[in-house]
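> next come a sequence and a model predicted from it.
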Amino acid sequence: MYMNKTKRNLILASAIVNLVGVSVSLIMSILLVVKNDAIKEYLDLYYIVTYSTNIVYAVISFAAGLAGSILLLCSIRSKGKYFRTSQMIYIIGFVIIVIFGSFVSWVLLFISMFIPDIVVMNTKSEVKKEEILEEKAYAEKKKRIEDLKRMRDNGLISEEEYKEKLFELL
């Protein structure tokens, strides 16, 4: 079983977009603090309002965004083979990115929520082998139940022993 490629790619894209977003945000905040007057000439009002001049907030936001992206990347390691076991890592990274991440990252993560996690990909020969094994197991159980019925009917085992062995078998 492997993780759905679309979901994995959306989570990967979200982590990368978030890393870029928080890095740019940190750089812009540092530039606004260090060279406030020179930068204002080159940036329009949108960027000045968007990027905080509070450097402490910018650093915390960067660290949290970095941690969220790393957690998302850890949750989809090995082509998502261990995604089910690392679900909590994914959820924590998801929450961190929703709180500290960029809007595009949120959108990608919310889209990925609606895509199934795991895709089971079996070849036709694997499916045929599984069907044969299931048929053999079914035939074997059926034969053992019939043997138990015969033994009970012939008086070799009591009704309680029959029920006990039948319960163990099923």
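Now that the structure is in, tell me what you want to look at. Remember, predicted model here, so these are calculated numbers, not experimental data.
> residue contacts, Gly68?
Shown in contact with Gly68 (Cβ atoms under 8 Å, 6 or more residues apart in numbering): Ala15, Asn18, Ile92, Gly93, Phe94, Val95, Ile96, Ile97, Phe100, Gly101. Every residue, glycine included, has its C-beta placed from N, CA and C.
> okay, now the domains of this structure?
Domains of the chain are assigned by automatic domain parsing as 2-119, 124-169.
> deepest of these, which one?
domain 2-119 (a mean of 16; mean count of other Cβ atoms under 10 Å).
> average pLDDT for that one?
Confidence for domain 2-119, expressed as mean pLDDT, is 78.
> centre of the chain to it, how far?
16 Å (Cα atoms, centre = their mean, to the nearest Å).
> what kind of secondary structure is Ile111 in?
Three-state assignment for Ile111 (DSSP: H, G, I helix; E, B strand; the rest coil): helix.
> wait, what's in contact with it?
Leu10.
> for Pro116, which three-state class applies?
coil.
> nearest residue to it other than its sequence neighbours?
Ranked by Cβ to Cβ, 6 or more residues apart in numbering and with sequence neighbours excluded, the top spatial neighbour of Pro116 is Asn4, at 5.6 Å.
> check Ile16 too.
The shortest distance from Ile16 to any non-neighbouring residue, by Cβ to Cβ, 6+ apart, is to Ser69 (7.5 Å).
> okay, the helix or strand hosting the one you found in CSV with CA atoms only?
Ser69 belongs to helix 55-75 when assigned by DSSP states H and E. Output in CSV follows, covering the C-alpha atoms of helix 55-75 (Å, rounded to 0.1, in the frame of the first residue of the first chain):
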residue,chain,number,x,y,z
ILE,A,55,11.2,41.1,14.1
VAL,A,56,10.4,38.9,17.1
TYR,A,57,7.1,37.9,15.5
ALA,A,58,8.8,37.4,12.1
VAL,A,59,11.4,35.0,13.6
ILE,A,60,8.8,33.0,15.6
SER,A,61,6.6,32.8,12.5
PHE,A,62,9.6,31.6,10.4
ALA,A,63,10.6,29.0,13.0
ALA,A,64,7.0,27.7,13.3
GLY,A,65,6.6,27.6,9.5
LEU,A,66,9.8,25.8,9.2
ALA,A,67,8.8,23.2,11.8
GLY,A,68,5.4,22.8,10.2
SER,A,69,7.0,22.2,6.8
ILE,A,70,9.5,19.7,8.2
LEU,A,71,6.6,17.8,10.0
LEU,A,72,4.7,17.6,6.8
LEU,A,73,7.7,16.3,4.9
CYS,A,74,8.3,13.7,7.6
SER,A,75,4.7,12.5,7.4
